[in-house]
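Student: here is the input, now give the coordinates:
(one chain, ligands or ions: 1)
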Amino acid sequence: MSDLLSRREFVRSSAAGMASSVVMGIPHPMRPPRPLPPESRWAAKPVVIASANGLRGVQKAFDLLLQGADTLDAVIEGVKIQELDPSDDSVGYGGLPNRDGVVQLDASCMHGPTKRAGAVGCLENIKTPSEVAKLVLKYTNHIFLVGEGAKKFALSYGFKEEDLLTEHSREEWLKWRANLNPDDDYLDVPEKETMVVRPTGTINCDAVTPGGDISSVTTTSGLAWKIPGRVGDSAIIGAGQYCDNDVGAAGSTGRGESNIKVCGGFLTVEGMRRGVAPTDACLATLKRVVSATESRLLGARGRPKFNLTYYAVNKRGEFGAASLYPGQYAVHDGAEAKIRDTAHLFEQT
Ligand code: ASP
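Tutor: Here you go, the predicted model:
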């Protein structure tokens, strides 16, 4: 380094170099990455929060934020790790199918700086629904595309049509079908192999950049064995996730139907708008969920028979998560990517 080139200039110029290489790897970026100002001028503490399956995702998104990437580009690249991972049977490729053995994916996202939103529901044969939701947000006058129309939209941007069932997800579906009804024409499989619980799974990811910009995304294969055509909360703006660049972002995983009824992502952000801390805003939304739960879904002590988790981050980079029953979440708080316990309302049902 020449004497004339100060350390700060060196850091800035290498950040710019890194930034241009970053954008090469992000399909359809919201904006080119920008070199970051010096840390003393950061408007917010950068942070990325996600459901517990997003540990790799928060690391990836945080690295991108520090390379000056856009906030939505960062979270989408983060959740794509799970979408593309065939061993995660709750999201994207390898997700557990619906009643008919067809994988139908939901995703939605919001971009704080431009106040835009995008979503897809019941998307078939495309591995990364979060990316398709981002393209709805970026390139259309609409917010929500579903089914065949969503797939055609994705294909028009060069996405490849692929079989999303893996050997594992197909086998899980066959076992479920075999044990569904003793009077059907499928022979039951041995007791120890039965599917007694209905697996769920999703990834939500929310981020604040050093500039104070915020975005959120949620993506899922939804409830396993669902009725074909069912759309869960992940695809619904204000339920599966919500973001307001002046306030913060929040998202959810767990029983989608219970979240939709309280508009949980929106409600949590509205709590933070009134100055409530992220964890407390999540807990307040969970209390609303409990009071909105119909009796058939309540256990003996009036507690829900399902779990639901909210994740939230505010404009200052403060974050938190809470669930009905003990759970975990992933966060990169500036120091490292780690798994933490959520706050919770109940120890057990
Ligand atoms: N919320 C998702 C849905 O209802 C499922 C999950 O998060 O496990 O589709």
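
Student: which parts of the stretch 201-349 of the chain are helices?
Tutor: Assigned by DSSP state H, counting those that start in this stretch, the stretch 201-349 of the chain shows helices spanning 256-262, 264-273, 278-291.

Student: and these: which comes nearest Thr71?
Tutor: Between Thr71 and the helices of the stretch 201-349 of the chain, the tightest spacing by C-beta to C-beta is seen for helix 264-273, at 15.2 Å. For the C-beta atoms, the positions are set from N, CA and C on the backbone; glycine is no exception.

Student: residues in contact with the closest one?
Tutor: Here helix 264-273 makes contact (C-beta atoms under 8 Å, 6 or more residues apart in numbering) with 216, 233, 237-244, 246-252, 259, 278, 280-282, 284-285, 288-289, 308, 310, 312, 314.

Student: next, see if that helix gets close to the ligand.
Tutor: No. Helix 264-273 does not reach the ligand (C-beta under 6 Å from any ligand atom); its nearest approach is 10.0 Å.

Student: give the rounded mean pLDDT of that helix.
Tutor: The pLDDT scores in helix 264-273 average 98.

Student: which one of the helices of the stretch 201-349 of the chain is the most hemmed in?
Tutor: With neighbours taken as mean count of other C-beta atoms under 10 Å, those reach their highest mean count in helix 264-273, at a mean of 25.

Student: relative to the whole chain's centre, how far out is that one?
Tutor: Distance, stretch centre to chain centre, for helix 264-273: 16 Å (C-alpha atoms, centre = their mean, to the nearest Å).

Student: make a markdown table out of the helices of the stretch 201-349 of the chain and add distance to Gly92.
Tutor: As requested, the helices of the stretch 201-349 of the chain are exported to a markdown table (distance: least, C-beta to C-beta, whole Å):
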| stretch | distance to Gly92 |
| --- | --- |
| helix 256-262 | 17 |
| helix 264-273 | 20 |
| helix 278-291 | 25 |
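
Student: for Ala154, find the nearest of these.
Tutor: Of all the helices of the stretch 201-349 of the chain, helix 256-262 sits nearest to Ala154, with 22.1 Å by C-beta to C-beta.

Student: which elements pack onto that closest one?
Tutor: Counting by 3 or more C-beta pairs under 8 Å, 6 or more residues apart in numbering; DSSP states H and E, the packing neighbours recorded for helix 256-262 are helix 278-291.

Student: do you know which of the helices of the stretch 201-349 of the chain lies nearest Gly25?
Tutor: Of the helices of the stretch 201-349 of the chain, nearest to Gly25 by C-beta to C-beta is helix 264-273, at 28.4 Å.

Student: sorry, back to before: return the members of the contacts of helix 264-273 classed as buried.
Tutor: With burial judged by 16 or more other C-beta atoms under 10 Å, the buried subset of those is 216, 233, 237-244, 247-252, 259, 278, 280-282, 284-285, 288-289, 308, 310, 312, 314.

Student: point out the residues in the protein that sit beside the ligand.
Tutor: Going by C-beta under 6 Å from any ligand atom, the residues of the chain near the ligand are 200-202, 220, 222-223, 232-234, 253-254, 256.

Student: among the residues you listed, which two are most distant?
Tutor: Gly201 and Asp233 (13.0 Å).

Student: quick one: residues contacting Gln241.
Tutor: 108-110, 204, 206, 216-218, 234, 249-252, 265.

Student: one step back: can you pick the most crowded of the residues of the chain next to the ligand?
Tutor: Counting neighbours by other C-beta atoms under 10 Å, Ser234 comes out on top of these with 34 neighbours.

Student: which ones are touching that one?
Tutor: 106-108, 202, 204, 218-220, 222, 240-241, 256.
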